[in-house]
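Asker: How does the following fold in three dimensions:
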Amino acid sequence: MRISLWPIVLMLIVVGATSAAFAQSTDTPPLDNPTVGKPTAQDAKALIGTWSMVERLGHCSLRAVVVFSVREGRVEGTFECMGRTVGLTDIRVDGETVSYRRVVAGERLEFAGTLAKNQLRGSTRASFGELPSLANRHKKKHTF
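Answerer: Residues are numbered from 1 along each chain as shown. From the prediction side, this is the model:
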């Protein structure tokens, strides 16, 4: 019986690159001066809160916490994964459609999805492909 190691090798490369990207990220907006999104608090009322997100990378996944809040009437957000927190930019809410961007070690990642009650489902686009993403809302603050 012959077993192919190619899927395992590919997974290790993607996870290693993603881990290194989060560990070396220096070009993201500082947390004490977060990037403010365009929608108003009223537009994004259903989005505000803490979300537990899973992004699928082939046979493995990344777990993250995404937080949307309101500051001075504008929506802002952060994305925390593997001990690193980056600010979200270009936060957009159009009805049930949500999108935002984040930059990690020069890699621009763009999320687009649909908000339905307590679930945010979509995909994150990166230079190496699409990552299916699913987030569930938390009623209280979530920590890893």
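
Asker: State the mean pLDDT of the top strand by length along the chain.
Answerer: In terms of residue count, the longest strand belonging to the chain (DSSP state E) is strand 60-71. Per-residue pLDDT values over strand 60-71 give a mean of 93.

Asker: what helices or strands is that strand leaning on?
Answerer: In this structure, strand 60-71 packs against helix 6-24, strand 49-57, strand 74-81, with contacts taken as 3 or more C-beta pairs under 8 Å, 6 or more residues apart in numbering; DSSP states H and E. (Each C-beta comes from the backbone N, C-alpha and C, glycine too.)

Asker: burial count for residue 109?
Answerer: Neighbourhood size, residue 109 [other C-beta atoms under 10 Å]: 20.

Asker: That one and residue 71: what is the separation?
Answerer: With distances taken as C-beta to C-beta, to the nearest Å, residue 109 is found 22 Å from residue 71.

Asker: So, low pLDDT: which residues of the protein?
Answerer: For the chain, the stretches with pLDDT under 70 are 1-43, 140-144.

Asker: Using the three-state scheme, assign the closest residue to residue 112 other than its chain neighbours.
Answerer: Take residue 112 and drop its neighbours on the chain: the residue closest to it by C-beta to C-beta, 6 or more residues apart in numbering is residue 99, 4.4 Å away. At residue 99 the chain is in strand, as set by DSSP: H, G, I helix; E, B strand; the rest coil.

Asker: Dihedrals phi and psi, residue 106?
Answerer: In terms of degrees, to the nearest 10, the main-chain angles of residue 106 are phi 80, psi -10.

Asker: quick thing: my sequence starts at 772, can you match it?
Answerer: All right, first residue 772 from here; so that's residue 877.

Asker: For the nearest residue to residue 825 once chain neighbours are set aside, list each beta-bridge partner.
Answerer: Excluding its sequence neighbours, the residue lying closest to residue 825 (C-beta to C-beta, 6+ apart) is residue 832, at 5.0 Å. Per DSSP bridges, the residues bridged to residue 832 are residue 827.

Asker: just the one 4 residues further on next, same as before
Answerer: For residue 836, the beta-bridge assignment (DSSP bridges) gives partners residue 823, residue 851.

Asker: Can you get me a residue count around it?
Answerer: 19.
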